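> Got a predicted structure here, sequence first:
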Amino acid sequence: MENSTEVVSFVLSAYGNIGNFKYLYFSILLLWYISVCVSNTILVVVIYMDRGLHEPMYLLLGNLFMNEICVSTSLYPLLLSQMLSDTHEVTLPWCFLQMCCFSIFGCVQLCNFTAMAYDRYVCICHPLQYNVFMSNEKVGKIVLLVWIYSFTSYMFSFSFILPLKFCGNVIDKVFCDQQLVIKLACSVSALTSISDLFFGFMCVVIPSSLISFTYIKIFWVCLNVSKESKQKAITTCTPQIVSLANIFVYATFLFVASRLDIHYFPNKLRVILSIYIHLLHPMITPFMYGLYLPKIRQSCKRFLFDRK
């Protein structure tokens, strides 16, 4: 067994040898990162500035857009620096920090979708009681609870990962994947495995179950309402359903990839699949909500083009 104290950094081996293309990839990713930050920031500012958007659904969307910026920031700076690196090494503290950010922000995203699903459930299924169950003050408390819940859930799990000693340092990805990092440990206790499952249960199983139950109730009610009400419900729910479907496809691949041997997949395909959610979703989200929801679309037009 190797001396575990010698492992002070990890090597992200999935970058391979990209040669002179690294400058092209760097430029493309930098522009993409700037676009993600600008588009999501515009929507956050629009929601903040337009008092007509100071409603529970749009405040929850504002939190979603902020979280997309956080998710992207947890990936792109390291990704960009590694593009120009010849060694593709990342120190343990930075690797652990990226793991924490991915996990916490991912949990925040699913929990925020849970809150948004509940908001749509109350609006569609109990419209006369909407102002009783949902208010801006209650949404503020829900957003705070989402962040506290996500942070504490992961910190409990991470407290069992932090003391691990490592006998290997090669991660076959372009970012620090927690499951692969744990596999590099010299030994993993039962408590570490249980804590990892605990986090998955708290931040994936529970939110997913609540979201599924909520949308089943919404669809059931939609079967018995007028065509106009049904169309309105579909309009407000479609972006959330598309976002959730995208996340669950990625989560399924991540689960399979981290627990089974998928080296028969081409390396480039595995790299693309492992990061596509971090590349595409933060950009798709603002356009999907900003262009699809009429109220936000109109506010963006006024904010960007009609200011005098």
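That came through fine. Fair warning: this is a prediction, and the values are worked out from it, not measured in the lab. Numbering: from 1, shown residues only.
> Tell me which residues touch the nearest residue to L78 once chain neighbours are set aside, please.
Among residues not flanking L78 along the chain, Q98 sits closest, at 6.1 Å (C-beta to C-beta, 6 or more residues apart in numbering). For glycine as for every other residue, the C-beta is placed from the backbone atoms N, C-alpha and C. Residues near Q98 by C-beta atoms under 8 Å, 6 or more residues apart in numbering: 74-75, 78, 90, 175-176.
> If you count neighbours, what's buried in stretch 39-51?
Within stretch 39-51, the residues that qualify as buried by neighbour count (16 or more other C-beta atoms under 10 Å) are 39-40, 42-44, 46-47, 50.
> cool, and stretch 114-130?
Residues 114-125, 130 are the ones in stretch 114-130 that count as buried (16+ other C-beta under 10 Å).
> ok, residues contacting it?
56-57, 60-61, 64, 133-134, 139, 142-143, 146, 207, 210-211, 214-215, 217-218, 221-222, 229, 233, 236-237, 240.
> Mark which of those are buried, thanks.
Neighbour-count burial (16+ other C-beta under 10 Å) applied to the contacts of stretch 114-130 gives 56-57, 60-61, 64, 134, 139, 142-143, 146, 207, 210-211, 214-215, 218, 221-222, 233, 236-237, 240.
> Next, please give the residue ranges for the helices of the stretch 101-250 of the chain.
Counting by DSSP state H, counting those that start in this stretch, one finds helices in the stretch 101-250 of the chain at the ranges 130-133, 136-161, 178-183, 190-200, 206-222, 227-259.
> so what secondary structure elements neighbour the third one?
Under the contact definition 3 or more C-beta pairs under 8 Å, 6 or more residues apart in numbering; DSSP states H and E, helix 178-183 sits against helix 92-125, helix 136-161, helix 190-200, helix 227-259.
> The same query, at a cut-off of 7 Å, please.
Here helix 178-183 touches helix 92-125, going by 3 or more C-beta pairs under 7 Å, 6 or more residues apart in numbering; DSSP states H and E.
> related to what we said a few turns ago, closest to I28 out of the buried residues of stretch 114-130?
Proximity to I28 was ranked across the buried residues of stretch 114-130 by C-beta to C-beta; first place goes to M116, at 31.5 Å.
> What distance do you get for that closest one to Y276?
Separation of M116 from Y276 (C-beta to C-beta, to the nearest Å): 23 Å.
> Next: T114.
Computed with C-beta to C-beta, the distance linking T114 and Y276 is 23 Å.
> Next up, the contacts around the closest residue to V71 other than its chain neighbours.
Nearest residue to V71, sequence neighbours excluded (C-beta to C-beta, 6+ apart): F105, at 4.6 Å. Taking C-beta atoms under 7 Å, 6 or more residues apart in numbering, we find F105 in contact with 67, 70-71, 74.
> got it, and N40?
Going by C-beta under 7 Å, 6+ apart, the list of residues near N40 reads 65, 68-69, 282, 286.
> make it 8 Å
65-66, 68-69, 282, 285-286.
> again, but for L304
By C-beta under 8 Å, 6+ apart, the contact set of L304 is I42.
> For stretch 287-304, buried residues please.
288-290, 293, 296, 299-300.
> starting at the chain centroid, how far to it?
22 Å (C-alpha atoms, centre = their mean, to the nearest Å).
> what mean pLDDT does it have?
For stretch 287-304, mean pLDDT rounds to 81.
> how about that stretch as PDB, C-alpha atoms only?
The C-alpha trace of stretch 287-304 is given here as PDB (Å, rounded to 0.1, in the frame of the first residue of the first chain):
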ATOM      1  CA  PHE A 287     -33.800  31.200 -22.100                       C
ATOM      2  CA  MET A 288     -36.400  28.600 -21.300                       C
ATOM      3  CA  TYR A 289     -38.000  30.700 -18.500                       C
ATOM      4  CA  GLY A 290     -37.100  34.100 -19.900                       C
ATOM      5  CA  LEU A 291     -38.500  33.300 -23.400                       C
ATOM      6  CA  TYR A 292     -41.300  30.900 -22.500                       C
ATOM      7  CA  LEU A 293     -43.000  32.800 -19.600                       C
ATOM      8  CA  PRO A 294     -44.800  35.800 -21.100                       C
ATOM      9  CA  LYS A 295     -44.500  38.000 -18.000                       C
ATOM     10  CA  ILE A 296     -40.700  37.600 -17.700                       C
ATOM     11  CA  ARG A 297     -40.300  38.000 -21.500                       C
ATOM     12  CA  GLN A 298     -42.200  41.300 -21.500                       C
ATOM     13  CA  SER A 299     -40.200  42.600 -18.500                       C
ATOM     14  CA  CYS A 300     -36.900  41.700 -20.200                       C
ATOM     15  CA  LYS A 301     -38.000  43.600 -23.300                       C
ATOM     16  CA  ARG A 302     -38.800  46.700 -21.300                       C
ATOM     17  CA  PHE A 303     -35.600  46.400 -19.200                       C
ATOM     18  CA  LEU A 304     -33.300  45.900 -22.200                       C
END
